[in-house]
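1. Quick one, fold the following:
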Amino acid sequence: MSRSASIDVRIPGLRSKFQDIVAALLEAGWSYDDHGHISYLPAGDRGDFDWQWARLDRWSDVLAVIKHKEDVGELVGISLVHKDAGSGGELLLDPSDDRLTISLTINVRDVHEVPGIVDFTWYLERLVPAISRAGLSIEHVECSQF
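-> Numbers count the residues shown, from 1 in each chain. The predicted model follows:
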């Protein structure tokens, strides 16, 4: 049986702050190294989720795509993985509603005593402090698993 898990974080004033959040997460131990490449949503994607891949040495090019997508109000997305654990997923910024969604898809961490139940606390402990360090306040957090 497959499952889907995500964390939605509403952050007032989030639009055009995605790069700040990514920078803070990178500083906090996350990486854009998704199995040897960078995974991101390209400009003009129009919600098709046609993920693209770039070599790790093309990070500055990917940042330029992120900036462009923010500027034109497109859905922004990049995969991040925590360096120590290898767990992560896709970070998506919907500029229309100040919402950051983290779709947990890479080596999803479960509660030790209850396999099959996502350990949302593990993710929140590694996300919330970094978001706060980026100078942003969190208004609402919602964790879901289906």
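2. For the rest of this, base every contact and every neighbour count on C-alpha atoms.
-> Fine.
3. burial count for residue 60?
-> 10 (other C-alpha atoms under 10 Å).
4. so who does the residue positioned nearest the centre of the chain touch?
-> In the chain, the C-alpha nearest the mean C-alpha coordinate belongs to residue 91, at 1.9 Å (C-alpha atoms, centre = their mean). The neighbours of residue 91, taking C-alpha atoms under 8 Å, 6 or more residues apart in numbering as the test, are 77, 78, 79, 80, 100, 101, 102, 103.
5. Look up the closest residue to it, ignoring the ones flanking it.
-> Closest residue in space to residue 91, ignoring its immediate chain neighbours: residue 102 at 4.6 Å, by C-alpha to C-alpha, 6 or more residues apart in numbering.
6. That neighbour reaches residue 8, doesn't it?
-> Yes - Residue 102 lies in contact with residue 8 (C-alpha atoms under 8 Å); the separation is 6.4 Å.
7. For the two, indicate the residue with more neighbours.
-> Applying other C-alpha under 10 Å to residue 102 and residue 8 shows that residue 102 carries more neighbours, namely 24 against 18.
8. mind checking how far that one is from residue 58?
-> 23 Å (C-alpha to C-alpha, to the nearest Å).
9. swap in residue 16?
-> Residue 16 is 21 Å from residue 58, by C-alpha to C-alpha.
10. Which residue ranges of the protein form helices?
-> 18-27, 59-72, 120-133 (DSSP state H).
11. from these, which stretch is densest packed?
-> helix 18-27 (a mean of 19; mean count of other C-alpha atoms under 10 Å).
12. quick one, that helix and helix 59-72 angle?
-> 140 degrees (axes from the mean of the first three to the mean of the last three C-alpha atoms, to 10 degrees).
13. relative to helix 120-133, how tilted is helix 18-27?
-> Using the same axes, to 10 degrees: helix 18-27 against helix 120-133 is 120 degrees.
14. how about low-confidence regions in this protein?
-> The chain contains residues with pLDDT under 70 at 1.
15. Go again with 90.
-> The chain contains residues with pLDDT under 90 at 1-3, 12-20, 45-48, 70-73, 94-98, 112-115, 133-136.
16. What are the boundaries of the strands in it?
-> Under the criterion DSSP state E, the chain contains strands at 5-10, 30-31, 38-40, 52-54, 76-82, 88-94, 99-106, 110-111, 114-118, 140-145.
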